[in-house]
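Would you be able to build a 3D model of this:
(chains A, B and C)
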Amino acid sequence: MSLLVVDNVTLRFGGVAALDGVATEIGRGEIRGIIGPNGSGKTTLLNAICGIHRPDAGEIRLDGEKLTGLKPSEIARRGLGRTFQTSQLFRGMTVLENMICGLHRRTTTGLLAAGLRLRSARAEEAETVERARAALDFVGMGAFADRPASALSFGQQRVVEIARTLIGEPKIVLLDEPAVGLSLNRVAEFDALLRRIRDEKGVTLVLVEHVIRLVMEISDRITVLNSGRKIAEGKPVEVRNNPEVIEAYLGKELRARRAAS
Amino acid sequence: MPVFSRRNVLLVLLAGALILPWMGNPYTLFVGTLLFIYVLLAVGLNLLVGYAGQLAFANAAMFGIGAYTTGLLQVRLELPFFAAFPCGAVVATLVGLVISLPALRLSGLYLALTTLAFAQATQWVFLHWENVTFGAGGFKTPLISFAPLPVETPTGLYFLSLLLAVLLTLFAWNVAASRIGRAFVAIRDGEVAAESLGIDLLRYKALAFAMSGFYAGVAGGLYSALLNFVAPEGFDLFQMVLHKAMIVVGGLGSVTGSLLGAGILVFLLEALRAFKGTQEIAFGALLLVFVIFLRGGLVSVLKRNARGWEEPLRLPERRARLLARPGTASVPGE
Amino acid sequence: MLFSYLLVSGITTGALYALIALGIVIVNKASGVINFAHGELLMVAGFVAWTLHVGLQLPYGVALLGTVAIGFAVGVLTDRIAFRPLANADLVSLVLATVGLSFILKGTARLIWGGKADYLSFPPLTQAEPILLGPLMIIPQQLVVTAGALAVMIAFAAFFRLTTAGKMMQATADNAKAAKLVGIRTDRVYMMAFAVGSLIAAAAAVLMAPLTLLYPDMGFLLFVKGFAAAVVGGLTSLPGAVLGGILVGVVESLAGGYIHSSAMEVAPFLVIMAVLIVRPTGLLDFAKVRRV
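I've put the predicted structure just below:
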């Protein structure tokens, strides 16, 4: 059975269909790339899946459970992680504290236990710190644990953000343009990191990305969106040679060139 | 541990506070009690504004609700202080919870203005619901007694306030260094990211509002007992700015900062007591100057220049465990 | 009879609230900030007018011009002190800075013009008898004030439509980035917004002074009423601010007449809370602060 099912999802913003009957199924352990020209609805699709937007029609299911209509935090607690286009680390925290926040849904300490520093609270806290350090080591950021999050470079913030999402052991992680702004050799490192995440942690990854090279190299399957509609889906090679995809990308480029001249 | 660490400095101050009743005069006792009350207010407000980032202006109103509830239950229903006082705190907490409902739908300026409007509506109720609140003139509350304990009222109230201020400050420190404090800061620094990690906005905003309501309610009950008198003007805009100035001067997002801010502002408040206009200029200017020139408040200076003043958002680890961890090799993305 | 009287006086105060709301809206439109010191600007202007007119015995028209000029200058100062240093700061800082400023103004006024219970009064503009128009009773003073407010609004609209400065403000409000690209100095525009907002507040203060008493604490209430009006009008719409002002004035006047005089004070707060809680999505201008 597929892990994530997007079942004919339609989403309108004031009459304009940002998503128009999009349907796809993502299998367990898959790395799925989602590509498409600007404004084709990629980020909107991610937002619909993680509950920021509520679809006007259609349904989204994770592991057979309906997600549509739940709050983003409830969806996150059901095992769906997410990173964003711009860095969303909490700037007022250290790297380690950011990581511990990723374990929020795995911890249970309540107000009184926390405020009175009961033994249970201390034990849980010690365990989360332990796990957070281990997770930072996994992505090679252990040495930065006690730095303020705002002191990290752009690429480091990206990595920590992904690690923060992973630490809560989600079933699936949606990554929104994780490689944007990274230099080319960083992209290669990133590629390796994402594969390790899938292989060693068994996490399913959904990747919206502009860096086509990364998507082509890493994805098992690719979904192509254009104007809110799915126009192609398949293995990278298949998608690369699909005439409709070429038209969607090149057509746009040609029009842009014509407008510029 | 450095000599001038936060813990050592505060322990010395606490020791001073414990012997003050035998050293000072009635006036210093009064100011001391007032300081503890403002510590409670500043700590509670900082949890809401500094940690959770909710720009709310209802703190003075919740302070007033605590004071009015405590006072009125004694006067109208003849409850003893020690029964009325917890009720005041509970009512203020509940009001805090109610205010948190609009906070879910509103943010930024809209939240600021809704809570400000709520604060003014509360003032209006204090002023005009005369059958219950006695109107603009206010009312006297009974002198509280600590019998059978062998202490006089001012001394008893001083120690009660000190005890509550210490306990609730410790509580706030612990909460700030727990998953709850981190959830507050996460909501402040990025609501969407916080939600994506499974942090429930409704729950934690409500909790922050309720906690600040509780702290303000406790402070209100003590304040009514300290002054022996409750009137609307004790909980007006001036109080609002006073509380805000405390947490900004001390440091937003720092419980320690609340203590510093409360100390400095209470001192100024008393030094300038005779001149309301000067007080307003001083507090307004402090607010403005700190917001512009020292965003982190005084505590940020201490954190930068002295050891032992850090306030991590987690419990301190055993040092041994820290040392035992080997450094890591590869660092991508730098 | 009672209704028509309340209606007319509601429209008069409403016209003044509309001026306050206009000042709030213009600052908000240009800079995205609500100036919490707006009411205090008005209060200070009222006292300045009193000093010029009653203290120095200058004619009302001269006092009006002088006050408006000083209002303009105070607005420029507000921008310099409480807004420009915080151009890149978060909302909490900006709001707290204007709150701080409001208290500085209030304290200064208290030191210069009197203690807490001191009320200064302004002589009436005209002593003429009320005019009866069928069922309508119109007090000439109200007529003069309403006409004055109307004149300020017209001058303001003309400024926006016809002058370069006004057009630049409009362009910046619509799209600050684009305005910057075409060479508009947006920091100048922000300063102009604060200055013009404050100038209108000063004009409102001088018009209002003969109808009310002056005291240092008057600013906040006026700010809240102006803000309620601005919220009703959608916070970025200038005509909306005018309609909202008149609506708040009339509602307040009717509530005072038919319910209880004290209801007048609380009506604008209830309007703010109700509008914001019931229809926050209709007023979404700031909501983008929330979403990434």
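
where in the stretch 101-250 of chain A is pLDDT low?
A:250 (pLDDT under 70).

what's the helix or strand for the spatially closest residue to B:Glu280 that is not a sequence neighbour?
Closest residue to B:Glu280 apart from its sequence neighbours, by C-beta to C-beta, 6 or more residues apart in numbering or on different chains: C:Gly107 at 3.1 Å. In short, each C-beta sits where N, CA and C put it, glycine included. Using DSSP states H and E, C:Gly107 falls within helix C:91-113.

Quick one: list the elements packing against that helix.
Judged by 3 or more C-beta pairs under 8 Å, 6 or more residues apart in numbering or on different chains; DSSP states H and E, helix C:91-113 is in contact with helix B:109-128, helix B:237-250, helix B:276-293, helix C:38-50, helix C:218-232.

could these be laid out in CSV, adding mean neighbour count, distance to C:Pro130 and mean pLDDT?
Converted to CSV, the helices and strands packed on helix C:91-113 look like this (neighbours: other C-beta atoms under 10 Å in any protein chain shown; distance: least, C-beta to C-beta, whole Å; pLDDT from 0 to 100):
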stretch, mean neighbour count, distance to C:Pro130, mean pLDDT
helix B:109-128, 23, 30, 87
helix B:237-250, 26, 37, 93
helix B:276-293, 21, 39, 91
helix C:38-50, 28, 25, 91
helix C:218-232, 26, 25, 86
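
how about low-confidence regions in the stretch 101-250 of chain B?
In the stretch 101-250 of chain B, no residues with pLDDT under 70.

if we can go back for a sec, ok, now which ones touch the residue nearest to B:Glu280?
B:Lys276, B:Gly277, B:Thr278, B:Gln279, B:Glu280, B:Ile281, B:Ala282, B:Gly284 (C-beta atoms under 8 Å, 6 or more residues apart in numbering or on different chains).

of the residues you listed, closest to B:Val301?
Within the contacts of C:Gly107, proximity to B:Val301 (C-beta to C-beta) peaks at B:Ala282, which comes in at 19.9 Å.

And that closest one, how far from B:Leu272?
Shown here: B:Ala282 relative to B:Leu272, a distance of 6 Å by C-beta to C-beta, to the nearest Å.

same check, this time on B:Ala58
From B:Ala58 to B:Leu272 the distance is 26 Å (C-beta to C-beta).

quick one, the helix holding C:Gly107 and helix C:218-232 angle?
Interaxial angle, helix C:91-113 versus helix C:218-232 (axes from the mean of the first three to the mean of the last three C-alpha atoms, to 10 degrees): 140 degrees.

who in the stretch 51-200 of chain A is up against chain C?
A:Ile52, A:Phe84, A:Gln85, A:Thr86, A:Gln88 (C-beta under 8 Å from any C-beta of the partner chain).

A:Lys71 is in contact with the first one, correct?
No - proximity of A:Ile52 to A:Lys71 does not meet the contact threshold set by C-beta atoms under 8 Å, at 9.8 Å.

Neighbour count for these two, which is higher?
The neighbour comparison of A:Ile52 against A:Lys71 (other C-beta atoms under 10 Å in any protein chain shown) goes to A:Ile52, with 19 against 14.

the strands in the chain, which residues?
This is for chain A. Along chain A, the segments classed as strands by DSSP state E run A:4-13, A:16-26, A:31-35, A:57-62, A:65-66, A:80-83, A:172-176, A:204-208, A:221-226, A:229-234.

The chain in question should be chain C.
Along chain C, the stretches classed as strands by DSSP E are C:120-121, C:131-133, C:136-138, C:213-214.

Most tightly packed of the ones you listed?
With neighbours taken as mean count of other C-beta atoms under 10 Å in any protein chain shown, the strands of chain C reach their highest mean count in strand C:213-214, at a mean of 17.

Right, and chain B sits closest to which residue of the stretch 151-261 of chain A?
Nearest residue of the stretch 151-261 of chain A to chain B: A:Gly155, at 2.9 Å (C-beta to the nearest C-beta).

Can you get me a residue count around that residue?
So A:Gly155, with other C-beta under 10 Å, has 20 neighbours.

now it: how far from B:Leu72?
Taken as C-beta to C-beta, the span from A:Gly155 to B:Leu72 is 60 Å.

Which parts of chain B are strands?
B:139-140, B:229-230.

who's in contact with the nearest residue to B:Gly257 once chain neighbours are set aside?
Of all residues not flanking B:Gly257 in the chain, B:Gly251 sits nearest, at 2.7 Å (C-beta to C-beta, 6+ apart). Shown in contact with B:Gly251 (C-beta under 8 Å, 6+ apart): B:Gly50, B:Gly257, B:Ser258, B:Leu260, B:Gly261, B:Gly296, B:Gly297, B:Leu298, B:Val299, B:Ser300.

neighbours around the fifth one, how many?
By other C-beta under 10 Å, the residues close to B:Gly261 number 33.

now do the last one
Around B:Ser300 there are 18 other residues, counting by other C-beta under 10 Å.

Quick check, pLDDT for the nearest residue to it once chain neighbours are set aside.
Closest residue to B:Ser300 apart from its sequence neighbours, by C-beta to C-beta, 6+ apart: B:Gly251 at 5.8 Å. With respect to pLDDT, B:Gly251 has a value of 94.
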